[in-house]
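Peer 1: here's my sequence, what's the structure:
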Amino acid sequence: MHFDLIDLKLFQHTLESGNITAGARRSHLSLPAASARIRAMEASLGIPLLERNRRGVLPTPAGQALLQHARLIAQQVERLQFDLGQYAHGLQGQVRLLCNTAALTEYLPELLASYLAEHPGVSVDIQELPSLHIVQAISQGMADLGIVSNAAPCATLQTLPFRDDPLVLVMPREHPLAASDQADFNASLAHGYVGLGADSALALHLEEQALRLGKRMQVRVRAEGFDGVIRMVGGGAGVAVVPLTSVRRWEHSLPLRWVALQEAWAKRSLLLCSRDFSALPGYAALLVERLGSSA
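Peer 2: Numbers count the residues shown, from 1 in each chain. This next block holds a predicted model:
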């Protein structure tokens, strides 16, 4: 078995990107060179590492095992670079962070901006996913850190509190549901919705909750962010489920009313998670410290 660090990083990038072309680009290799390296890895082991199809690549069981080891080796190398970097030019590295919609739009911009301003040699690769997918990705070693809802089963991961983030139903003041101080999601599905983009983590989560009730959401229009959703609601376009912190920005300037949802999944808090916080390279540990201290 003859692998080098370039091989392992290429393999990691390929599976994180979903195809060899993007993996080669992230690894600063040509596509023929990247393909040849992966074929040589498979030939060295005598087993396939990737399942190739028209949509890209997926790991075989052996490939999944190799990916986990590649991630661990990369973390150790980054930790070595961090330790030695203290004697040179400061922090260098990249943190891969997965988060849900609320974390990405409501909490992270200022926190990440201040962290990156203090550590110019560090970059953050951030991706929005539903909480359950984040737990799966972190468990498989596909990312360093995640921010998830406490409703996601994450007993296999280490977690730290991040934010209380309840979801509420917001509507125009004269809406039929506005007469109650509490509402349930099931009742709201009889009314037209203003939704986020169809691929956003929260939109996918709400569609899943509706399907569990045997119903579909009646989405009349979509917006790209919570502020856009809430402004449309204030204009009378429909109702929406959004984080309470988003509504607070607009409740005194738009004709809105919000009510607490009764479902357990709506009374959520956000958690910072990792496979092992102590194994993170130093610059990632500093990001954990920054995010954890804001809870």
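Peer 1: now the helices for the stretch 101-250 of the chain?
Peer 2: When secondary structure is read from DSSP state H, counting those that start in this stretch, the stretch 101-250 of the chain shows helices at 101-102, 108-118, 131-139, 185-188, 201-212, 226-234, 244-248.
Peer 1: tell me the most buried of those?
Peer 2: Mean neighbours per residue, mean count of other Cβ atoms under 10 Å, is largest over the helices of the stretch 101-250 of the chain for helix 101-102, with a mean of 24. (Glycine included, C-beta is placed from N, CA and C.)
Peer 1: contacts made by that helix with the rest, please.
Peer 2: Contact partners of helix 101-102, identified using Cβ atoms under 8 Å, 6 or more residues apart in numbering, comprise 128, 165, 196, 200, 201, 202, 203, 243, 245, 246, 270.
Peer 1: just the closest of those to residue 183, please.
Peer 2: Of all those, the one with the least separation from residue 183 (Cβ to Cβ) is residue 243, at 15.8 Å.
Peer 1: quick check: which ranges of the stretch 1-150 of the chain have low pLDDT?
Peer 2: Within the stretch 1-150 of the chain, the segments meeting pLDDT under 70 span 1, 82-91.
Peer 1: swap in 80 and give it another go.
Peer 2: Low-confidence regions of the stretch 1-150 of the chain, defined by pLDDT under 80, span residues 1-3, 75, 78-93.
Peer 1: now the strands: where do they sit in it?
Peer 2: Using DSSP state E, counting those that start in this stretch, the strands assigned to the stretch 1-150 of the chain run over residues 50-53, 56-59, 93-99, 122-128, 145-149.
Peer 1: hang on, the earlier thing: show me which of the contacts of helix 101-102 is closest to residue 24.
Peer 2: Ranked by distance to residue 24 (Cβ to Cβ), those are led by residue 128 at 24.6 Å.
Peer 1: identify the residue nearest residue 279 in space, chain neighbours excluded?
Peer 2: Ranked by Cβ to Cβ, 6 or more residues apart in numbering and with sequence neighbours excluded, the top spatial neighbour of residue 279 is residue 75, at 5.9 Å.
Peer 1: which residues does that neighbour contact?
Peer 2: Counting by Cβ under 8 Å, 6+ apart, residue 75 touches 144, 279, 280, 281.
Peer 1: most neighbours among these, please name it.
Peer 2: Within those, most neighbours by other Cβ atoms under 10 Å means residue 144, with 29 neighbours.
Peer 1: picking up where we left off before, let's have the contacts of helix 101-102 in a markdown table, adding distance to residue 179.
Peer 2: Conversion of the contacts of helix 101-102 to a markdown table gives the following (distance: Cβ to Cβ, whole Å):
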| residue | distance to residue 179 |
| --- | --- |
| 128 | 35 |
| 165 | 26 |
| 196 | 26 |
| 200 | 30 |
| 201 | 31 |
| 202 | 26 |
| 203 | 27 |
| 243 | 23 |
| 245 | 24 |
| 246 | 23 |
| 270 | 31 |
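Peer 1: pLDDT check: weakest of these?
Peer 2: Across those, the bottom pLDDT score, 84, is held by residue 201.
Peer 1: touching, that one and residue 129? I think so.
Peer 2: Yes - under the criterion of Cβ atoms under 8 Å, residue 201 is in contact with residue 129, at a separation of 5.8 Å.
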